[in-house]
Every structure is written in structure tokens, then in C-alpha cells.
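[1] here is my input, please return the structure:
(3 chains)
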Amino acid sequence: MRAVITLTTDFGLADPFAGVMKGVILNLAPKAQIIDITHQIEPQNIRQAALTLESAHSYFPKNTVHLVVVDPGVGSERRPIAVKTRTATFLGPDNGVLTSVMAPSSRVYELTKTKYFLESPSSTFHGRDVFAPAAAWVAVGTPLSRMGRKIDDPHILKFPQPAVHENTITGEIISIDRFGNLISNITSELLDPSQTEPLTLLIGRHRIRGLKAHYSQLKPGEVGCLINSWGRLEVFCREGNAKNKLKCRVGTSLTIKK
Amino acid sequence: MRAVITLTTDFGLADPFAGVMKGVILNLAPKAQIIDITHQIEPQNIRQAALTLESAHSYFPKNTVHLVVVDPGVGSERRPIAVKTRTATFLGPDNGVLTSVMAPSSRVYELTKTKYFLESPSSTFHGRDVFAPAAAWVAVGTPLSRMGRKIDDPHILKFPQPAVHENTITGEIISIDRFGNLISNITSELLDPSQTEPLTLLIGRHRIRGLKAHYSQLKPGEVGCLINSWGRLEVFCREGNAKNKLKCRVGTSLTIKK
Amino acid sequence: MRAVITLTTDFGLADPFAGVMKGVILNLAPKAQIIDITHQIEPQNIRQAALTLESAHSYFPKNTVHLVVVDPGVGSERRPIAVKTRTATFLGPDNGVLTSVMAPSSRVYELTKTKYFLESPSSTFHGRDVFAPAAAWVAVGTPLSRMGRKIDDPHILKFPQPAVHENTITGEIISIDRFGNLISNITSELLDPSQTEPLTLLIGRHRIRGLKAHYSQLKPGEVGCLINSWGRLEVFCREGNAKNKLKCRVGTSLTIKK
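    Residues are numbered from 1 along each chain as shown, chains lettered A, B, ... in the order given. Next comes the predicted model:
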């Protein structure tokens, strides 16, 4: 059995940080298959890391070990934690990056046993000295109960929730992808499938009418919206860049009129 | 046998798209060795993806599975296809990205059997829902004949061909690499090896005389040309950036005088 | 035994250079585990590559094969070399990129036997044609003595050394990471651990007093210094970017007053 370990960090790819973490992992778990989810989380953007993990983790094999290191508090009293769910194990700093996997059935541990870290951990690079070795120990089968103690007060992020009224839903853009697509916090479950009238979406000065099924239903340069592959309402510009065209950013609000 | 699967996409590395495709593959083909060719094709630049694949694929082991996802028509009627050649299998949307491997001996299939896709594929991310699982099924030995039906009308891109005259060859820049080297569609076979006079190359207002054998034959900052490692005529600036120095872009024409 | 091969290059990730090197390696060493340290060394910055290797290599398993290709002299008379140390093997052009592993106990070889290269190597891409295949042959157990001849005159880079005086140490910034942290050539061994007075650091017009233990000891936006996880004196801005705030670059000098 080759364990899969995924990495999600804000370390970028120019410095050797991510490569060195992989070296540390391979010392302890030589058969691990290490997969990058991304190393391009904006520096210290805990929310973006939490959303990325939420989107990605369920597509990996059972028992995958997911490591998230976006860690502005490295070296302080913030705890290193691990979360065991029914399908996988997650490691990261206790700053909210693991919020999306904190289900009632999840067991949460503070990693306290320093024998599962590198010797003399630095105070500025726990990705290398604490989390990479701990992830490798998990990957080779070490139970979390041996690596630390159960806790019941992990740090939980609060994400902005859409406001649902009788005739409107108001949400906001929570992420923007490489193509400039604007991804909102309005999920498909909030939309009434029995509604026969096409919805109207207002964003900035723009008014978009009706949900499309896929990008190619518009002409190049036109702006529309659809439910995307993660189940979220998304504003797009066919073969263009909706972010630039609509001058939006993370946090821009949008309203659906039924 | 560990199958090799390569990925060439325009998904970038900031979003979790490429990582999630790898998760899907490892669910179905846990021993696959997944290699990134690049995820930084310009958004929706089918030509650039086709050229990248053409350069890269022959350096991989026999029976490698090459997956190319640059897919502006995702969700529309465009077909997902697979091409079996003597040495490898290639998967991608039927939009021309696989043009370079459409040899007469290649067999081309439309992937029609949805049991080889994820359940309920989205209409915006076939990289994850259609192509990654299909590539994994190929990697574990599923014959293409079981995954779809043979077709004989795949979409073929036409690339600009150099114009060869008695005393001149006129071509154009088809790609520019990280170093600013300008790579043309003039290949070494078009140049007469018996010619004793050094050639003259005209590009914009610049005149370059003679082919070099390697970069270090010029002084830092000087501009020259050579036959590069892919067999193409390339204009370079030693320890500098020819793209910036000559103000060129993809499509800029160049002429050789014999 | 799966050999680990690391790659450190200036090839970037947009072009297929790194992917193709991996294809060549997997042809010859199908079980190799290939790990990217980085492909984003500044084009032709030999010093940056040498420093990156110095930081990274010791975190990898014993017998790892480290390949460094930053090679402005590709195709010229510069030699391809390999260095065998007590723990690992290193390959690269003989231009100083391997300086940090040239210990007295290291054995250095010029790679001369072309049977360990691809046939008819190009003069512009030895990463693919010379170094990738040679690294794969090393990874499968080929002794360096069979691949070339011992040499005792490898090219060694001289790095700027800090000037240590009775009451001051003057060094310089040698690298800047993704977070804008300024990393100096002043190492922890140069600082007197018995000193009870906090040190004063001068950089540009800024004066910083005292070493911190970790980033979170400052308020967001404040500038401080600490000994970082590689044992070097580093100037940082908490949850900000010291490079931008202090307008520094590689080469900027800094002085410690005891």
C-alpha cells in the first residue's frame, strides 16, 4: 500500500520549501506518493487555503493524508493539530485551515509528541520540522492517539453566509480562478429547482439573465452564470476573463432575484 | 508495471484543478506515475498545447498515457477522444490539441462509455470528471475499443507552414520559451546542408548572419540563431532575452536568404 | 529500492523542459521517485542555484541523486560533472552550481562516457540529453568511475563573506524568499551566545533592535530579525513583505552592532 500525501501551502515554487518537505517525508515514508494540491495560496491567506482543501480533498483515495501549511503564527503558541475523519487524515496549524473537515464525527488531536517531529524544530518552518514528519508518520500507520492528545476546541473559521430572503439571495465572491471566473458562496441547493422563470443576477452594474449549462452557450466575450463543477454559482466570460471585465474581487457582493 | 500518465493543461498551479485530477487518477490507478508536462498553457490556447505535446511526448516511455486538457468547448457537443499510436495513448477534447499524433497508423476513438467517467460529470470540468478517470482506465489496461467507438474525422489544426522559394524561406515565430528564445516553424530539414555560404536571417529590422552551434559562441547580449534541441531554427540573445530585445511575439515573421 | 532524484533548474514550468527530463529519466530508471526542488531559479543565476542546493540537499534520503541544471555555457567546452559525497550524488555543469558539496571528502568526476547520454546530444539542452540520462544511470547503481574520469579542478564559486570586526559584523542579503523575507550571509555561529545585550542591526535607514524567536512576536507590519530555519540571520516584516517595505535586493548590505 502506497499512502498518498497531499500538500497545500503558501510556499510558492521558487524557494525550496515544498521540495524540502518532500525530502523529509521520503526519509520516513519512502513509498509515499506525494501530490501537490497547490503551493500558491496567497501568502498567509488562511481562508483561501481552507476553501481549497474543501474543494479538493474528497477526490483523493480513502486514507489519504492531507497536509495544509498556511501558518502566519508559526513558532507561537498556536497548536499543530491533526483531524481524523471517516475517509482521511488532515494535518495543519490550529488556525482554521482545517475548518471544512471539522464534522461532528471528526476526531481532533493536538500533536504533542516531539519524537514525531524533526529534532530541534526551528521556530519559522514547521512545514519542514513538524508537519512533514508528522504526516509521514501518519502515512506509515501511526495512530494519532500515540502522537498527541484529543482536543475539542479547535479554531473554526466563520465564512460569510449568503442572505436568503423571499425574493432575493445576496452572496459574495469567495474565490477567483486562473481563468478569471468568479466563484460565489451561493450553492446550487439554495436555488429552487421547481422555479420556471429564469433568475436574474446582479453584480456591480451588470445584470445577467438565466443560468447556462456550460460555457459554450455564450458567444466569445459574453458574460453569463452557471452552477460550476463544485456546485457553486459562478460568473464567467466566455473565452475571456470575468474578473477583469466586471472589475470584481474576492468579497464583491452579488444578488439573485427570483 | 507502473504506467506513466502525463498532464498538459491550461489550469495553472494556483487552483486545485491539477491536483484534483491526480486524486481522481490515483483512485483508479493507484500505481500510476503522474508527470506534469505543463499546466501553464495560456488559457484556451489549443495551438500552444498541440505544439507542446508534439515536442514532449516522444521522450516518455513506451505505453505512456498522455492527457491534454485545453478545452474551451467543455460541456458542449465537442467529443472527448483518445488516440492510440504505435508507442503511446493520447486523450483530450476533439479540438485539435492531439493534431501532432494523428499519423495514418493512429487509431482514433470517441470516448462514449460513461462508465469510465465519474458519475454525473459536470459541464465545466471534464479534466476531472471525464479525462482523468478515462486516462486511469487506459493506464490499467482497458482497451480503447471497450471505452468508445472508432472515428475517422477528428478535428485537425492547420499550422502555418514556411514558404520555401528558390533563394528564401519565410516562416514565423511559433513559440517563445522562458528565456525569451524565439522558436520558428523552420526546421533543420529545410536548410541545405551542402550550402557553404553562411545564411542571412532577417527578423524585424534585424539581420543575423550565420548559424551558431551553441549559445556561448556569442558575447553576452549579442543576438544569433541556431538549430535548437527540437530541430527548429531559433533566434536567441546570449545571457539575455531575444523576445524583449527584438520586440517579437508569436506570429512575427522571419526570412532566410540563402 | 526506489531511488530519489531531485531537480533544480532555471527552466520554469511553462515550457515542457522539466517534464521532458522526467520522461528521459523514467525510460532508464522507471522506479525513480523524481522530486522538484525548484525550476524557478532566475534564468542563468548560478549563485542562486548553488545556494538553493546548499539549503535543500541535506533533507533528502541517503543516496539521493541531485541534478542541478543552470547552464549558461551549455554546448561549450564546460564539462558535465558529478560529485559523490558521503551521503549523495550530485550532477550538473562545471560552472560552480555544485560548490556547496565540494568537501575534501567529495570525489569529483567529469562525465565523459557518451554511452550514458542520449544519442547525438543537442548543443542547447543538456538537461535532457546529458544530465537526465546520466542521473538515471546513477540512480540505478552505475558507479561514477565507469561514467567518466576523476578530476581535481572543479569550478568553485566564491560567495561574499561577512566582515567580522571587534564590535560589528557587516554582511549582505544573499536571497529573498516568496514572503519578502531578507536572508543574509550572517550565520548563527557568528553571533556570540554569551552576549546579554540585545544586538542592533542596521539595514538601509532602518535600525532593528534585538533578535526575535519567531515571527509572531511582532505586531502585523512591524519589522524585526531572527535566526531562520536555515541558521541564517533574516530580516522580516510580520504578515507583510520586508523586501518591499525596506526596498532591499540581493546584495544590499547590513551591519550588526554588538
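[2] contact partners for the residue in chain A that chain B sits nearest to?
    Residue nearest to chain B within chain A: residue A:214 (2.6 Å; Cβ to the nearest Cβ). Every residue, glycine included, has its C-beta placed from N, CA and C. By Cβ atoms under 8 Å, 6 or more residues apart in numbering or on different chains, the residues touching residue A:214 are A:226, B:74-76, B:123-124.
[3] and it, how far is that from chain C?
    Separation of residue A:214 from chain C (Cβ to the nearest Cβ, to the nearest Å): 27 Å.
[4] ok, now residue A:38?
    With Cβ to the nearest Cβ as the criterion, residue A:38 and chain C are 13 Å apart.
[5] residue A:116 now?
    Distance of residue A:116 to chain C, computed by Cβ to the nearest Cβ: 16 Å.
[6] go on, residue A:173?
    23 Å.
[7] helices and strands around the host helix or strand of that residue, which ones?
    Per DSSP states H and E, residue A:173 falls inside strand A:168-176. In terms of contacts (3 or more Cβ pairs under 8 Å, 6 or more residues apart in numbering or on different chains; DSSP states H and E), strand A:168-176 is packed against helix A:46-56, strand A:163-164, strand A:182-187, strand A:253-257.
[8] dump these to CSV, plus mean pLDDT, mean neighbour count and distance to residue C:210.
    As requested, the helices and strands packed on strand A:168-176 are exported to CSV (pLDDT from 0 to 100; neighbours: other Cβ atoms under 10 Å in any protein chain shown; distance: least, Cβ to Cβ, whole Å):
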stretch, mean pLDDT, mean neighbour count, distance to residue C:210
helix A:46-56, 97, 23, 28
strand A:163-164, 96, 12, 48
strand A:182-187, 97, 22, 43
strand A:253-257, 96, 19, 44
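[9] what's around residue A:145, how many residues?
    Residues contacting residue A:145 under the criterion other Cβ atoms under 10 Å in any protein chain shown number 11.
[10] hang on, it packs against residue A:109?
    Yes - using Cβ atoms under 8 Å, residue A:145 makes contact with residue A:109 at a distance of 7.3 Å.
[11] quick one, what contacts the residue in chain A that chain C sits nearest to?
    Using Cβ to the nearest Cβ, the closest approach of chain A to chain C is made by residue A:75 at 2.5 Å. Residues near residue A:75 by Cβ under 8 Å, 6+ apart: A:122-124, A:126, C:213-216.
[12] which helix or strand contains it?
    Secondary structure assignment for residue A:75, by DSSP H and E: no helix or strand.
[13] how about residue A:61, secondary structure?
    Here residue A:61 is recorded as coil under DSSP: H, G, I helix; E, B strand; the rest coil.
[14] now for it, how many residues are close by?
    Residues near residue A:61, counting by other Cβ under 10 Å, number 18.
[15] distance of the residue of chain A closest to chain B from residue B:208?
    47 Å (Cβ to Cβ, to the nearest Å).
[16] the stretch 1-150 of chain A: helices as residue ranges?
    Remark: helices assigned in the stretch 1-150 of chain A by DSSP state H, counting those that start in this stretch are A:17-28, A:46-56, A:126, A:132-139, A:144-147.
[17] CA atoms only for stretch A:211-221, dumped as PDB, please.
    Only the C-alpha atoms of stretch A:211-221 are listed here, as PDB (Å, rounded to 0.1, in the frame of the first residue of the first chain):
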ATOM      1  CA  LEU A 211     -28.400  30.100 -15.800                       C
ATOM      2  CA  LYS A 212     -26.400  28.500 -18.600                       C
ATOM      3  CA  ALA A 213     -25.500  24.800 -18.600                       C
ATOM      4  CA  HIS A 214     -21.900  25.300 -19.900                       C
ATOM      5  CA  TYR A 215     -19.500  28.000 -21.100                       C
ATOM      6  CA  SER A 216     -20.000  27.400 -24.900                       C
ATOM      7  CA  GLN A 217     -23.700  28.600 -24.800                       C
ATOM      8  CA  LEU A 218     -22.500  32.200 -25.000                       C
ATOM      9  CA  LYS A 219     -20.600  34.000 -27.700                       C
ATOM     10  CA  PRO A 220     -16.900  34.800 -27.000                       C
ATOM     11  CA  GLY A 221     -16.700  37.800 -24.800                       C
END
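[18] so for it, what gets flagged as buried?
    If you call a residue buried by 16 or more other Cβ atoms under 10 Å in any protein chain shown, then stretch A:211-221 has these buried ones: A:211-212, A:214-218.
[19] farthest-separated two in those residues?
    Pairwise distances across the buried residues of stretch A:211-221 peak at 14.4 Å for A:211 and A:216 (criterion: Cβ to Cβ).
[20] can you tell me the SS state at residue A:189?
    Taken by three-state DSSP, the conformation at residue A:189 corresponds to helix.
[21] tell me which element the spatially closest residue to residue A:220 that is not a sequence neighbour is part of?
    Nearest non-adjacent residue to residue A:220, counting by Cβ to Cβ, 6 or more residues apart in numbering or on different chains: residue A:239, 4.2 Å away. Assigned by DSSP H and E, residue A:239 falls within no helix or strand.
[22] neighbours of residue A:239, just the number please.
    By other Cβ under 10 Å, the residues close to residue A:239 number 17.
[23] isn't it up against residue A:223?
    No - checked against Cβ under 8 Å, the pair residue A:239 and residue A:223 is beyond contact range at 11.5 Å.
[24] and the residue of chain A closest to chain C, how far from residue C:218?
    Counting by Cβ to Cβ, the gap from residue A:75 to residue C:218 is 12 Å.
[25] show residues contacting the strand holding residue A:173.
    Outside strand A:168-176, the residues within contact range by Cβ under 8 Å, 6+ apart are A:48, A:51, A:159-160, A:162-163, A:182-186, A:190, A:233, A:235, A:243, A:248-258.
[26] on that earlier part again, show me how to select, in PyMOL, the buried members of the contacts of residue A:214.
    To isolate the buried members of those in PyMOL, using 16+ other Cβ under 10 Å:
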select buried, (chain A and resi 226) or (chain B and resi 74+75+123+124)
